[in-house]
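Novice: take this sequence and fold it.
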Amino acid sequence: MRFLSGRAVNLAHTFLDDESPLVVPAVSVTVRDAAGATVYTGNATSSGTEWRATVPVQAEGVYTVTWDGGPVAVDRDRFEVVGGHLFTVPDARGSDVDLADATRFPTGEVKHYREVVEDEFETITGRSFVPRVTSVEVEGDGTSTVFLGFFDVTTLKSITGALGAVDVAGWSVSRNGFLLAPYALCEGERYTVAFEYGFPSVPEDVKRAGLLRLRSLLTAERSGIPDRATAFVSAEGGNFTLATPGRNGYETGIPEVDATLGRYKYRIFYDVLGVAL
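Specialist: Sure thing, here's the model as predicted:
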């Protein structure tokens with residue numbers, strides 16, 4: 001689940017025993033940030049078997065939620081506060097006449113598949129098209145430079161070492177994902193680094209590609225083409241070869257989407273190392 005920064009976080013949860021809802025008499029909610037610090041505790045309210053809680057505005061980052069139903073059940077969820085989305089729900093509804101039908105495509109489903117598209121685009125390109133905050137553990141190698149594994153890094157948030165919080169004065173990050181220390185880091189010494197990364201705003205071509213990909217996922221049943229097909233013959237007699245994900249350089253199978261994402265890959269990392277970092 002992703003929520004925009006600067007807004008309260010409205011959480012919902014249903015306790016399930018596989019697929020059957022559990023009846024829980026009372027539920028407490030605890031939210032912790034990526035460092036494990038508690039940022040919210042309170043009691044959830046119920047509507048049938050669904051429990052809800054409203055968490056005050058939180059900083060960008062990843063959080064864990066513990067839904068404590070006492071001896072009946074204890075569940076854990078995860079949510080993220082981000083600086084933006086690839087597109088809004090109204091953008092999605094306005095992009096296709098079918099998606100305008102909120103009964104057929106409920107808001108919750110549109111939001112879910114928007115996250116699927118966002119994750120897919122980041123996996124393909126190695127870049128986030130919206131501002132996000134994350135933390136990673138890195139290991140010193142005797143030099144003053146460590147690669148964080150992310151691109152478009154904009155702000156260093158914090159560093160934690162074996163002895164606790166590190167004064168970040170003199171430390172910096174580069175947009176191509178390197179942590180720059182004011183001294184050589186001992187080989188094998190580990191640090192947890194929190195930082196902001198991603199584009200400040202979504203490029204228009206990426207937004208359009210995201211809407212195309214969303215429609216392909218939500219309306220896949222309209223095509224009438226079997227999932228495993230790599231070619232088909234139309235009723236009019238034409239032969240067509242399909243752009244198939246995983247073949248001939250295609251990632252999503254939608255040429256316009258794949259071409260757009262291809263322009264945002266850091267080619268030097270692919271060419272030199274053969275993989276996306």
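Novice: what helix or strand does the nearest residue to A102 once chain neighbours are set aside sit in?
Specialist: The shortest distance from A102 to any non-neighbouring residue, by CB to CB, 6 or more residues apart in numbering, is to R93 (7.5 Å). Glycine gets a C-beta too; all of them are placed from N, C-alpha and C. If you go by DSSP states H and E, R93 is part of helix 89-94.
Novice: what is that helix packed up against?
Specialist: If you count contacts as 3 or more CB pairs under 8 Å, 6 or more residues apart in numbering; DSSP states H and E, helix 89-94 packs onto helix 107-125, helix 204-218.
Novice: any idea which of these is most buried?
Specialist: Mean neighbour count (mean count of other CB atoms under 10 Å) peaks for helix 204-218 among the helices and strands packed on helix 89-94, with a mean of 19.
Novice: dump that one to CSV, restricted to CA.
Specialist: The C-alpha coordinates for helix 204-218 follow below in CSV (Å, rounded to 0.1, in the frame of the first residue of the first chain):
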residue,chain,number,x,y,z
GLU,A,204,5.1,12.8,-19.4
ASP,A,205,6.1,9.9,-21.6
VAL,A,206,6.5,7.6,-18.5
LYS,A,207,3.0,8.7,-17.3
ARG,A,208,1.5,7.8,-20.6
ALA,A,209,3.4,4.4,-20.6
GLY,A,210,2.1,3.7,-17.1
LEU,A,211,-1.5,4.3,-18.2
LEU,A,212,-1.1,2.0,-21.2
ARG,A,213,0.4,-0.7,-19.0
LEU,A,214,-2.4,-0.3,-16.4
ARG,A,215,-5.1,-0.7,-19.1
SER,A,216,-3.4,-3.8,-20.4
LEU,A,217,-3.4,-5.4,-17.0
LEU,A,218,-7.0,-4.4,-16.0
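Novice: so which elements touch it?
Specialist: With contacts taken as 3+ CB pairs under 8 Å, 6+ apart, helix 204-218 sits against helix 89-94, helix 107-125, helix 255-262.
Novice: what's in contact with the first one?
Specialist: Spelled out, it's helix 89-94. Helix 89-94 has contacts (CB atoms under 8 Å, 6 or more residues apart in numbering) with 99-100, 102, 107, 110-111, 114, 207, 211, 214.
Novice: kindly recompute the last result at 6 Å.
Specialist: For helix 89-94, the external contacting residues (CB atoms under 6 Å, 6 or more residues apart in numbering) are 99-100, 107, 110, 214.
Novice: now that helix, how far from the chain's geometric center?
Specialist: Relative to its chain's centre, helix 89-94 lies at 19 Å (CA atoms, centre = their mean, to the nearest Å).
Novice: model confidence over it, on average?
Specialist: Averaging pLDDT along helix 89-94 gives 97.
Novice: flag every buried residue along it.
Specialist: In terms of neighbour count (16 or more other CB atoms under 10 Å), helix 89-94 has its buried residues at 91-93.
Novice: may I see the buried residues of whichever strand or helix holds G42?
Specialist: Using DSSP H and E, G42 falls within strand 38-43. Neighbour counts over strand 38-43 (16+ other CB under 10 Å) mark Y40 as buried.
Novice: stretch 168-181 now?
Specialist: By 16+ other CB under 10 Å, the buried positions in stretch 168-181 come out as 171, 173, 177, 179, 181.
Novice: ok, the third one - contacts?
Specialist: When contacts are counted by CB under 6 Å, 6+ apart, G177 is found next to 147-148, 150-151, 153.
Novice: which among these end up buried?
Specialist: By neighbour count, with 16+ other CB under 10 Å, the contacts of G177 hold 148, 150-151, 153 as buried.
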